[in-house]
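Engineer: Any chance you could fold what I've pasted below:
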Amino acid sequence: MQVKQLEREQGPEAAERALIPLVREFPDAHQAYAALARVLMKQKKNDYAARAAEKAAALAPLEARQHTLLGVSRLRNDDLPGASAAFAQALQLDKKFAPAIVGAAAVKMADENFDDALALCDRALDIDPSLERASELVARINMKQGKTDAAVEELRRLVEQGGKNNRALRAYLRLMRKEGRLDEVVSLAEESLATAPATPQSVARYARMVGFAGQPELAVKQYRALIETGNAREVDRVRYIAALIGAGQLDEARAMIPTLKDRPAMKPLKDKLNGDVALASGRPDAAIELYAAACSGARAPEPDPQELAGLSGEELAQAWQSYTAKALRAALREHRQGRNDQGGD
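Structural biologist: Predicted structure coming up:
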């Protein structure tokens, strides 16, 4: 099975496990190191990703693509000088390599040199107008400069295109919530689904958007249809359960939770979802017990008692719910970052 197919079907961790013995068997194959760097970055194992990218660039010093990958990995590690040097090397090899130009723009943005960053984005888009990453950076720069309407317009355009840029969708949803314009999210989702051919990706995107915008009933309908086609990802199933809870369909949500993948890393999430069901059922004490179990399973500390002082009943359970959601996200990031502590290249 090819690595890309393995990643699609089983996730980046499975691809990583396949690539590690491959780079050991073929230590001069820069393509294997580059592929390893990419799947490591997807898991936020950025230190290991930078090491793999450095190896790829050293093995293929005349390829702009490898130096660009190195720049991206260094940028993920907040190594701005190292990232800038790698992107500069890539552009010395190929001055029209748009991904390297976008990388250089990201460094400028991180340094808050917004004018230079925008100029680089324009340069990249002149070369490749379909480059979503460049357009996303333009939107992010507009947000940092307080140009909200311009940022909304740019992000909406990216979402309308229905590309694979998950960062753009996430940024759009958060910005619209901050601006109190979630009704526009629902309208855009409905327009997109009505005017474009329905695909598993578009249906999942629609469901995510309307669920985020506070329309769980609409999300449930689309997630259910997606699951019935057999094309739902595990993250879609988790979001479906959350939508069921939001829509008050608690029996179905409770029945769906055990159908999630049966592996240790999923147990804290299942406890958290069962806690959400308990809270929505009017059982705050049971919810708190489940949230505590989720934190324990994720090896996360419980919330500071001082922060919970004065709270009781449903308010206390809601505070636990918010804390547990953040704790699980943090635990997942740490799990991904530290997975290779026992070895790897």
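
Engineer: Would you mind splitting this structure into its domains for me?
Structural biologist: The chain breaks down by automatic domain parsing into domains covering 1-95, 96-180, 181-260, 266-345.

Engineer: mind checking which helix or strand of this structure has the lowest mean pLDDT?
Structural biologist: None of the helices or strands of the chain scores lower by mean pLDDT, DSSP states H and E than helix 3-10, at a mean of 73.

Engineer: could I get it in CSV with only the CA atoms?
Structural biologist: Output in CSV follows, covering the C-alpha atoms of helix 3-10 (Å, rounded to 0.1, in the frame of the first residue of the first chain):
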residue,chain,number,x,y,z
VAL,A,3,2.1,5.9,1.9
LYS,A,4,-0.4,8.5,0.7
GLN,A,5,-3.2,5.9,0.5
LEU,A,6,-2.2,4.5,3.9
GLU,A,7,-2.4,8.0,5.4
ARG,A,8,-5.8,8.6,3.8
GLU,A,9,-7.2,5.3,5.1
GLN,A,10,-5.5,5.0,8.5
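
Engineer: just checking, what packs against that helix?
Structural biologist: Under the contact criterion of 3 or more CB pairs under 8 Å, 6 or more residues apart in numbering; DSSP states H and E, helix 3-10 touches helix 12-25, helix 30-42. In this view, the C-beta of every residue, glycine as well, is placed from N, C-alpha and C.

Engineer: how about a cut-off of 7 Å?
Structural biologist: Applying 3 or more CB pairs under 7 Å, 6 or more residues apart in numbering; DSSP states H and E, one finds that helix 3-10 contacts helix 12-25.

Engineer: quick one, the helix it packs on and helix 30-42 angle?
Structural biologist: Counting by axes from the mean of the first three to the mean of the last three CA atoms, to 10 degrees, helix 12-25 lies at 150 degrees to helix 30-42.

Engineer: Could I get the average pLDDT for stretch 274-294?
Structural biologist: Mean pLDDT, stretch 274-294: 96.

Engineer: what sits against Ala286?
Structural biologist: Contacts for Ala286 (CB atoms under 7 Å, 6 or more residues apart in numbering) come out as Ala278.

Engineer: In terms of helices and strands, where is it?
Structural biologist: Ala286 is located in helix 284-297, with elements delineated by DSSP states H and E.

Engineer: CA atoms only: put the next helix or strand after that helix into PDB for me.
Structural biologist: Using DSSP H and E, the helix or strand that follows helix 284-297 in sequence is helix 305-308. The C-alpha trace of helix 305-308 is given here as PDB (Å, rounded to 0.1, in the frame of the first residue of the first chain):
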ATOM      1  CA  PRO A 305     -10.600  24.400  42.800                       C
ATOM      2  CA  GLN A 306     -10.300  28.200  43.200                       C
ATOM      3  CA  GLU A 307     -11.600  28.700  39.700                       C
ATOM      4  CA  LEU A 308     -14.600  26.600  40.600                       C
END
